[in-house]
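[1] Compute the structure for the input listed below.
(2 chains)
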Amino acid sequence: MIRITKIGFYGIRNLGPGLVQSVLNKGLTAVIYEKDYDVFQAGLNIIERNIDYEIEHWGLTLKDKKVMLSRIEHIENLQDFIKHDIDILIESVEERLQRKIEVREKIKKEVPLNIPIIFTSQTNRLSSIVENDILETKSVNIHPVPSVPIYSLVELFRLEKCSDITLEIVKEFFSKLDLKIFELKDGAGLIGPRVLISTILEACDVIKESNISTEEFDMVVKKGLKMYKGPLTMADEIGLDNIKMWIEELSKMDSSVYKVPEILKNLLDKGYTGIKTREGFLKYR
Amino acid sequence: MKVLVLNSGSSSLKYQIIDTSSGESLIRGLVDRIGLNLSIIKQKRYDGNVYEVEKEIISHSVAIEMVLKLIVDKQHGVLMSIGEIDAVGHRVVHGGEKFSRSVLIDDNVIKAIEEYSEIAPLHNPYNLRGINAAMKALPSVPQVAVFDTAFHQTLPEIAYIFPIPYIFYEKYKIRRYGFHGTSHYYVSKRSCEILSRNINDFSVITCHLGNGSSISAVKNGKSIETSLGFSTIAGVMMGTRSGDFDPYVILKIMEKEELTIDQAVSLLTKHSGLLGVSGVSSDMREIKNASKNGNRRAELAFKMFCYTIKKFIGAYSAVLEGPDAIVFTAGIGENDPDVRELSLSGMEYMGIKIDKVKNNSCFGKEMVISTDDSKVKVLVIPTNEELVIAEDVVKIIKENENE
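    Next comes the predicted model:
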């Protein structure tokens, strides 16, 4: 029987808050390493806001919220992951290849635990992060597109040397989260992130050309294409700073396709990063 | 025989040892928060000895091992050896159409329970965890599955087919299954005994009113109608579950509020019922307190609850063509005279007369609370699902021995 009760999070940026929420939702404990208290607090705010949204939409109760938040443990020293006896470590730092590599090195040095490590790079190959490294056997990469836990599938990547037990534990973990796994050959941005980024880029072009509002764009896509959320709302949820990083990382693959649009740059210059600042492509209460 | 009765939930395991020769519960306990950070075990012995401990229990297998140790614990246990356990009875929520009675567990039964996980995803997989763990820990002890749905497998087709395209029954087995079967079976049988009636000529309406509630019509020992359906949301209004209402309403709300299926399910199961209407609580005692203090919505919730019970009693009286008795059981049914009184008010024309003095004095004990001249007898009977499971285990084992 595989024990999975405590999940370590190396950082709470990028898609971290959504993943933490998924973990809490299923009764597991999240041990979060984040040295920068403001970043930790910002991540926590996103989680709280997502839970409040679920309460407003009847998905959770106030009691659920209290119980969920009580299962978060914050640490400021990496070695404390050992004390907390975590069962899986999830990387959740900025979407930069260099940062992922730094994390890899730090994990090797300071968290010498024999547990699976889940990278969450949306735009880099797993091979770029751990190939020929000692962590290769116990690492996988996932593409969870959402920033909130309402989706039901993750794309999973592993390298040839990934051990069977790593895969078994990771599969058990996602099954606990009620997330189906779709395994893909290692690649950058497959499938969700690339489709989402392409849609956001197209949205920026359409808005620039047609003068329609961002709300109108999302409404048309939602109702016209029967999507659960508009792509601009999803971008706001993920965070426009993250989206910019995703585009920049993907541009290394094809710079003619992936360019940060002016509208996105302008919003970020004004400090609007989406739901977390209450303004992004759309405005929030 | 000493039977270990197990009821496995997603992160919990309830257990009891029942001596079937006396029907007495020797020990009962609960392992809560299995697989979570810190599990809690609470155990109470027949003599009042209580044991509580917190420790990490990562799986149902570990929980069963822990329970077996506690049962034979010199200080807090009740048996001297695990070898004294003659059989294990498992509560299994969904037995689909395949199981109309309890069965000795073998590979085929496990496979069938697994198959019914598709229609009971919140229950059967966890019941199976308990079964697998117990079979591993007690491999030579016979294990019996007792199904919550089995008692209602006698429902006639007109009661279990929903008025939607028949193809959904054929494709997905979408139909009324009913739940709380062991409870309805126990109190219907017991009421027959108390009233010294012949089971083959006895009609009774059983009202299982707890946090989850259901009402059944039982004729000649067989369930012929029941209020819970395909899921546990249907029927009478409950603590946090809606019960029956116009199905279009939820579709409209989903459209207006842009709810996902999960959110809609949560709305109907966690935010509705007494809690949803009152905005106060799902607990009947708190609802009544608030109502007494002038909370109009709490009063409305209380009245609605009793009204829906009354409607079902009326409907099931028609189905039974006149019941001989009405039974109240479970938390609210056994302990709330106000609910019983209001639910039966104005039904004297049907021969239902409640004795207010008796009703007001009845809390959690067996009692006839109708007047002596009441044509339909009204009873309060504390339910005992664990005893039903234990007795079924004995019956099945004896049948198998005879075979």
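[2] outside of the helix or strand hosting residue B:299, which residues touch it?
    If you go by DSSP states H and E, residue B:299 is part of helix B:296-319. Outside helix B:296-319, the residues that touch it by C-beta atoms under 8 Å, 6 or more residues apart in numbering or on different chains are B:205, B:207, B:209, B:213, B:215-217, B:224-225, B:227, B:235-237, B:243-244, B:274, B:277-280, B:284, B:287-288, B:290-291, B:323, B:326, B:338-339, B:342-345, B:347, B:350. (Each C-beta comes from the backbone N, C-alpha and C, glycine too.)
[3] Helices of the stretch 101-250 of chain B, residue ranges please.
    Along the stretch 101-250 of chain B, counting by DSSP state H, counting those that start in this stretch, helices occupy B:107-115, B:124-137, B:157-160, B:167-172, B:181-194, B:247-257.
[4] One more: chain A?
    Assigned by DSSP state H, the helices in chain A fall at A:16-25, A:37-56, A:62-69, A:80-84, A:97-110, A:126-130, A:164-176, A:192-210, A:214-225, A:231-238, A:240-251, A:262-269.
[5] just so I know, which of those helices lies nearest chain B?
    Chain B lies closest to helix A:37-56 among the helices of chain A, at 7.2 Å (C-beta to the nearest C-beta).
[6] Now that closest one: buried residues?
    By neighbour count on 16 or more other C-beta atoms under 10 Å in any protein chain shown, the buried set for helix A:37-56 is A:40, A:42-44, A:46-47, A:49-51, A:53-55.
[7] Please save the CA atoms from it in CSV.
    What follows is helix A:37-56, C-alpha atoms only, in CSV (Å, rounded to 0.1, in the frame of the first residue of the first chain):
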residue,chain,number,x,y,z
TYR,A,37,6.5,35.5,2.9
ASP,A,38,4.7,37.9,0.5
VAL,A,39,4.7,35.2,-2.2
PHE,A,40,3.4,32.7,0.2
GLN,A,41,0.7,35.0,1.3
ALA,A,42,-0.2,35.9,-2.3
GLY,A,43,-0.5,32.1,-3.0
LEU,A,44,-2.7,31.6,0.0
ASN,A,45,-4.9,34.5,-1.1
ILE,A,46,-5.5,32.8,-4.4
ILE,A,47,-6.4,29.6,-2.7
GLU,A,48,-8.8,31.4,-0.3
ARG,A,49,-10.3,33.3,-3.2
ASN,A,50,-10.8,30.0,-5.2
ILE,A,51,-12.4,28.4,-2.2
ASP,A,52,-14.7,31.4,-1.6
TYR,A,53,-15.7,31.2,-5.3
GLU,A,54,-16.6,27.5,-4.8
ILE,A,55,-18.6,28.4,-1.7
GLU,A,56,-20.4,31.2,-3.6
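[8] Setting the sequence-adjacent residues aside, check what's closest to residue A:243.
    Closest residue to residue A:243 apart from its sequence neighbours, by C-beta to C-beta, 6 or more residues apart in numbering or on different chains: residue A:235 at 5.0 Å.
[9] count of neighbours near that neighbour?
    Here the number of neighbours of residue A:235 (other C-beta atoms under 10 Å in any protein chain shown) works out to 31.
[10] Residue B:176 now?
    With other C-beta under 10 Å as criterion, residue B:176 counts 19.
[11] cool, residue A:241 as well?
    21.
[12] go on, residue A:94?
    Around residue A:94 there are 14 other residues, counting by other C-beta under 10 Å.
[13] What's the nearest residue in the stretch 151-285 of chain A when you look at chain B?
    Of all residues in the stretch 151-285 of chain A, residue A:228 sits closest to chain B, at 7.3 Å by C-beta to the nearest C-beta.
[14] Got phi/psi on that residue?
    Backbone torsions of residue A:228, given as degrees, to the nearest 10, read phi -70, psi -40.
[15] now swap in residue B:39 and tell me
    phi -90, psi 160.
[16] which residues touch the nearest residue to it once chain neighbours are set aside?
    Excluding its sequence neighbours, the residue lying closest to residue B:39 (C-beta to C-beta, 6+ apart) is residue B:57, at 3.9 Å. Counting by C-beta under 8 Å, 6+ apart, residue B:57 touches B:31, B:33-35, B:39, B:41, B:63, B:66.
[17] Quick check: closest non-adjacent residue to the single nearest residue of the stretch 1-150 of chain A relative to chain B.
    Relative to chain B, the nearest point of the stretch 1-150 of chain A is residue A:58 (3.7 Å; C-beta to the nearest C-beta). Distances taken as C-beta to C-beta, 6+ apart put residue B:267 closest to residue A:58, at 3.7 Å, once the chain neighbours are dropped.
[18] Assign the one you found to helix, strand or coil.
    Assigned by DSSP: H, G, I helix; E, B strand; the rest coil, the conformation of residue B:267 is helix.
[19] Chain A contacts on chain B?
    Residues of chain B lying close to chain A by C-beta under 8 Å from any C-beta of the partner chain are B:11, B:33, B:35-37, B:56, B:58-59, B:61-62, B:257-260, B:262-264, B:266-267, B:270-271.
[20] Narrow those to those in helices?
    Among the residues of chain B next to chain A, DSSP H puts B:61-62, B:257, B:262-264, B:266-267, B:270 in helices.
[21] Of the residues you listed, keep whichever come out buried.
    The neighbour count (16+ other C-beta under 10 Å) marks B:61-62, B:262-264, B:266-267, B:270 as buried among these.
[22] Now tabulate those residues in CSV and tack on pLDDT.
    Shown next, in CSV, are these (pLDDT from 0 to 100):
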residue, pLDDT
B:61, 82
B:62, 86
B:262, 86
B:263, 91
B:264, 94
B:266, 91
B:267, 95
B:270, 90
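[23] returning to what we had before: buried members of the contacts of helix B:296-319 into ChimeraX, please.
    This is the ChimeraX syntax for the buried subset of the contacts of helix B:296-319, where burial follows 16+ other C-beta under 10 Å:
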select /B:205,207,209,213,215,216,217,224,225,227,235,236,237,243,274,277,278,280,284,287,288,290,291,323,326,339,342,343,344,347,350
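[24] Show only the entries of the contacts of helix B:296-319 found in strands.
    Mapping the contacts of helix B:296-319 onto strands (DSSP state E) picks out B:205, B:207, B:209, B:213, B:215-217, B:224-225, B:326.
[25] Of those, just say which sits nearest to chain A.
    Closest to chain A out of these is residue B:213 (19.8 Å), distances taken as C-beta to the nearest C-beta.
[26] pretty sure that closest one contacts residue B:236?
    Yes: with contacts counted by C-beta atoms under 8 Å, residue B:213 reaches residue B:236, the gap being 4.9 Å.
[27] List the residues that are in contact with both of the two.
    Going by C-beta under 8 Å, 6+ apart, residues that sit against residue B:213 and also against residue B:236 are B:227, B:243, B:309.
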